[in-house]
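Novice: Structure of the sequence below:
(one chain, ligands or ions: 2)
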Amino acid sequence: MGTALIYDEEMTSYKLLWDDPECEVEVPERLTVSYEALVRSGLADHCVSIPVREATEEEILLIHSEEYLEKVKKTPHMSVQELKDFALQFNAVYFHPNSYHCAKLAVGAALQLVDHVLMGKVRNGMALVRPPGHHSMRDAACGFCTFNNVAIAAQYAKQKYGLKRVLIVDWDIHHGQGVQYCFEDDPSVLYFSWHRYEHSIFWPHLPESDYDAVGKDKGVGFNINVPWNKVGMTNSDFLSVFCHVLLPVAYEFCPELVLVSAGYDSGIGDPEGEMCATPDIFAHLTHLLMNLAGGKVCAVLEGGYNLTSLSQSVCQTVQTLLGDPNPRPENLRSPCQSALESIHCVRWAHRRYWSCLGHAADLSSFQISTKPSGSPKEAGESTWKDKVAVVWPEPVKRVAPPVRTAALLSDEAVCPEGCKRLATSDKLDPRVAGKLRENFLEGEGDSEALSALSGLITLTEKMEKDEILNGLAVVRDITMATACVVQHVTMAPNNRVLVVCVGDGEAPSNITEDRKALVVRIGSRETKQSKCKNDIPVCLKKGCADVSGVIQAVFGLLLPLGYEFDPSLVLLVRMPGSEVSDGVWQQLTGLLQCLAQGHVLVLIQECEKSCVSPTACSLLGEPAPPLGQLQAPLPQDVEDMERLRRKLLADWTLLQTTAADTG
Ligand SMILES: NCCCNCCCCCC(O)(O)C(F)(F)F
Ligand SMILES: [Zn+2]
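Specialist: Residues are numbered from 1 along each chain as shown. Ligands and ions are numbered 1, 2, ... in the order given. Reported below is the predicted structural model:
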């Protein structure tokens, strides 16, 4: 199934007709540069083009009042002066004779996208729209928004398709207070927003934008606000919030649809956001959402005012929706103190509502600086010009290798649909053969083991040369196979391999201290305390059969470690008897493709070959099926993971979840 792209230049046919410094950034070119970048990069051609339509009045009334709609309906016949006066009753918004028409198209575009995804005509998609929506309220326009595109889409999805759980992820740099007001008492819509806040000195200055606005009545816990109390937030800050706040909760919630209020003013160079996250981060944010809701992700454009940053970020988003491999995350480092405070506060505020946050350290562990940290406005406030003067490197070109998934199987095994069987080249480089024999095969060893190991080496070499993206191998001796791959990959100077062992079994023996290999083992046994710090055992009482425990480990430990380690290859090893369910296994296989530009090699023991086809599906880019709403992880496991996390903090900064962590 494909990726939908919804765009119509008709939505560029309105603009600001008078002087208003508050609104001048919201220009029609925002849409044209985004669409043209998708066309120029060839991405538009790979999308399924879906036409826009006008929303009906009935659809608009799903969220807005009749009085408000009647007022807006009059704007096409207004003079410029009347439009100006009409806008004055709202906060930071303008109208144009054609803006009502465009506002109906923006809603209609979002609904078209939802229809095509929920009817299974496409897997996911993006709607490039203006006017944006997330500030508009039942009775009011606000912040360039006339109708609340995403809120209407959520209500429409619930009503028309009977959905019980919709997740809205708002990565725009402004708080979509309009969405919050719509659903704050509604447990069927989980609204997540991060936003520039600076302790409310940033627009729209609302107390209810802070982390303690957790929802109301039946909706408590279903509204998550992450305030950014400083500008300059980076990729590390953004990824930390996804790993330590959004994703654990999103997996516990188990949405049937993911709507993204995709605003790109959170990206570098934007005059409104003044953040430092680079466009490639949106590839990672998108990827991390794509195994939720069976991959049903609908991104709807909100803000974004630096035309270069905006168009690059839109391309990064669409390219990931299309399934192309992610770029390697550039030099991630520790989240900043302010971000850690925000992360801690929001986890603490939600600790009673989400079992995955149940252990969030209580407030006493350190004092939150509730007063504005830093002078309200740094001396020498930057002007608009030098806000957009920021420069950053053009995102690296992301090319999908000619072969997506290769399979190394025994001759009689069937090659899974879509995979390319790897011919184990019979002629083996004698030096390599010699090395394999001496390292892994006692004496002569049988020729089959030799050809299997040489096949593995061929596989890793083809990945290194980008001839294939990822692969799976069915092997007889998984420990030997793991050691062989680790040794081969770490021979090259700047290669690093992340080994993820799922299930019990001894870790490969040849892990060295040189940080070229990092082993994370998720299992049930208190294995002998790992001697080297690059071998991290995560123990779950019930082992990998414990879905919540594994997911807790993935987001709280594995992904932060993986992002910080930044491997060139991920080796995912399914230890025999691991009891991991196919669903969890597919989630792991899908999520881990966010690392190493998607170069994931999965090792499966001969006796477990029943999981070959689900593995192949995930490696081929199929979204993993939903896991269902997650139970609470075992308190004992949570404590153990917390202890392990604290122990690892000295070496791994992306594991931090509170400012006290650097204590
Ligand atoms: N001194 C007052 C500054 C007012 N600034 C208004 C910012 C509106 C932001 C709109 C947006 O980017 O959130 C949307 F996604 F809706 F377009
Ligand atoms: Zn915004």
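
Novice: Could you use CA atoms for every contact and neighbour count after this?
Specialist: Will do.

Novice: Residue of the stretch 501-650 of the chain nearest ligand 1, please.
Specialist: Cys594 (26.6 Å; Cα to the nearest ligand atom).

Novice: Kindly report the same for the stretch 151-300 of the chain.
Specialist: Closest point on the stretch 151-300 of the chain to ligand 1, by Cα to the nearest ligand atom, is His174, at 4.5 Å.

Novice: Run through the residues that contact that residue.
Specialist: The contact partners of His174, by Cα atoms under 8 Å, 6 or more residues apart in numbering, come to Trp194, His195, Arg196, Trp203, Gly273.

Novice: ok, 7 Å please
Specialist: Counting by Cα atoms under 7 Å, 6 or more residues apart in numbering, His174 touches His195, Arg196.

Novice: a strand runs through it, doesn't it?
Specialist: No. Using DSSP: H, G, I helix; E, B strand; the rest coil, the secondary structure at His174 is coil, not a strand.

Novice: Do you know the pLDDT at it?
Specialist: Note on His174: pLDDT of 99.

Novice: Ok, Leu128 next?
Specialist: So Leu128 comes in at 99 (pLDDT).

Novice: One more: His195?
Specialist: For His195, the predicted pLDDT is 98.

Novice: ok, now the one 10 residues further on?
Specialist: Reading off the per-residue confidence, His205 sits at a pLDDT of 98.

Novice: For it, which non-adjacent residue is spatially closest?
Specialist: Here the nearest residue to His205 in space, its sequence neighbours aside, is Tyr197; by Cα to Cα, 6 or more residues apart in numbering that works out to 7.3 Å.

Novice: Next up, the contacts around that neighbour.
Specialist: Pro227, Trp228, Asn229.

Novice: Now with 8 Å, please.
Specialist: Trp203, His205, Ser209, Asp210, Pro227, Trp228, Asn229, Lys230 are the contacts of Tyr197 under Cα under 8 Å, 6+ apart.

Novice: and the gap between it and Pro493?
Specialist: Here Tyr197 is placed at a distance of 44 Å from Pro493 (Cα to Cα, to the nearest Å).

Novice: quick one: low-confidence ranges for the protein?
Specialist: 360-381, 388, 424-427, 443-445, 507, 526-530, 662-663 (pLDDT under 70).

Novice: what does the domain assignment say about it?
Specialist: What the record gives for the chain is the domain set 2-371, 403-631, from automatic domain parsing.

Novice: and of those, who's closest to ligand 2?
Specialist: domain 2-371 (4.2 Å; Cα to the ion).

Novice: Quick check on Thr308: phi, psi?
Specialist: The phi/psi pair for Thr308 (degrees, to the nearest 10) reads phi -70, psi -50.

Novice: Contact residues of the protein facing ligand 2?
Specialist: Residues of the chain lying close to ligand 2 (Cα under 5 Å from the ion) are Asp172, Ile173, His174, Gly303.

Novice: mind listing what the second one touches?
Specialist: Contacts for Ile173 were tallied using Cα under 8 Å, 6+ apart; they are Trp194, His195, Arg196, Gly263, Tyr264, Asp265, Ser266, Glu272, Gly273.

Novice: quick one, phi psi at Val297?
Specialist: Given degrees, to the nearest 10, the pair of backbone angles that Val297 has is phi -120, psi 130.

Novice: Helices of the stretch 151-300 of the chain, residue ranges please.
Specialist: Under the criterion DSSP state H, counting those that start in this stretch, the stretch 151-300 of the chain contains helices at 177-183, 235-241, 247-253, 281-289.

Novice: The first one and ligand 1 in contact?
Specialist: No. No part of helix 177-183 sits near ligand 1 under the criterion Cα under 6 Å from any ligand atom; the closest distance found is 9.5 Å.

Novice: With only the CA atoms kept, save that helix in CSV.
Specialist: C-alpha atoms of helix 177-183 as CSV (Å, rounded to 0.1, in the frame of the first residue of the first chain):
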residue,chain,number,x,y,z
GLN,A,177,-4.8,24.8,22.6
GLY,A,178,-7.8,24.5,20.3
VAL,A,179,-7.3,20.7,20.1
GLN,A,180,-6.7,20.5,23.8
TYR,A,181,-10.0,22.3,24.5
CYS,A,182,-11.9,19.9,22.1
PHE,A,183,-10.7,16.7,23.7
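
Novice: Let me know whether Cys611 touches Val584 as I believe.
Specialist: No. Cys611 is beyond contact range of Val584, at 11.6 Å (criterion: Cα atoms under 8 Å).

Novice: Heading C-terminal from whichever helix in the chain runs longest, find the next helix or strand.
Specialist: In terms of residue count, the longest helix belonging to the chain (DSSP state H) is helix 99-118. As assigned by DSSP states H and E, the chain's next helix or strand after helix 99-118 is strand 124-127.

Novice: So which elements touch that following strand?
Specialist: strand 3-6, helix 99-118, strand 297-301, helix 307-321 (3 or more Cα pairs under 8 Å, 6 or more residues apart in numbering; DSSP states H and E).

Novice: same thing but 6 Å
Specialist: strand 3-6, strand 297-301 (3 or more Cα pairs under 6 Å, 6 or more residues apart in numbering; DSSP states H and E).

Novice: do you know which of those lies nearest Leu61?
Specialist: strand 297-301 (19.4 Å; Cα to Cα).

Novice: Is any residue of the closest one near ligand 1?
Specialist: No. On the criterion Cα under 6 Å from any ligand atom, strand 297-301 is out of touch with ligand 1, staying 7.5 Å away.

Novice: That strand: partners in the sheet, and parallel or antiparallel?
Specialist: With DSSP bridges as the test, strand 297-301 is paired with strand 124-127 (parallel), strand 257-262 (parallel).

Novice: outside of the first one, which residues touch it?
Specialist: Contacts made with strand 124-127 from outside it, assessed by Cα atoms under 6 Å, 6 or more residues apart in numbering, are listed as Thr3, Ala4, Leu5, Ile6, Val117, Lys296, Val297, Cys298, Ala299, Val300.

Novice: Likewise for the last one?
Specialist: Residues from elsewhere that reach strand 257-262, judged by Cα under 6 Å, 6+ apart: 166-172, 293, 296-302.

Novice: Using PDB, write down the CA coordinates of that strand.
Specialist: Taking Å, rounded to 0.1, in the frame of the first residue of the first chain, the C-alpha atoms of strand 257-262 are listed here in PDB:
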ATOM      1  CA  LEU A 257      -5.300   6.000  14.100                       C
ATOM      2  CA  VAL A 258      -2.400   8.400  14.500                       C
ATOM      3  CA  LEU A 259      -3.000  12.000  13.400                       C
ATOM      4  CA  VAL A 260       0.000  14.300  13.300                       C
ATOM      5  CA  SER A 261      -0.400  18.100  13.600                       C
ATOM      6  CA  ALA A 262       2.800  18.400  11.600                       C
END
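
Novice: to the chain's geometric centre, what's the distance from that strand?
Specialist: Relative to the chain's own centre, strand 257-262 is displaced by 11 Å; criterion: Cα atoms, centre = their mean, to the nearest Å.

Novice: right, is it up against ligand 1?
Specialist: No. Against ligand 1, strand 257-262 shows no contacts by Cα under 6 Å from any ligand atom, the least distance being 7.9 Å.
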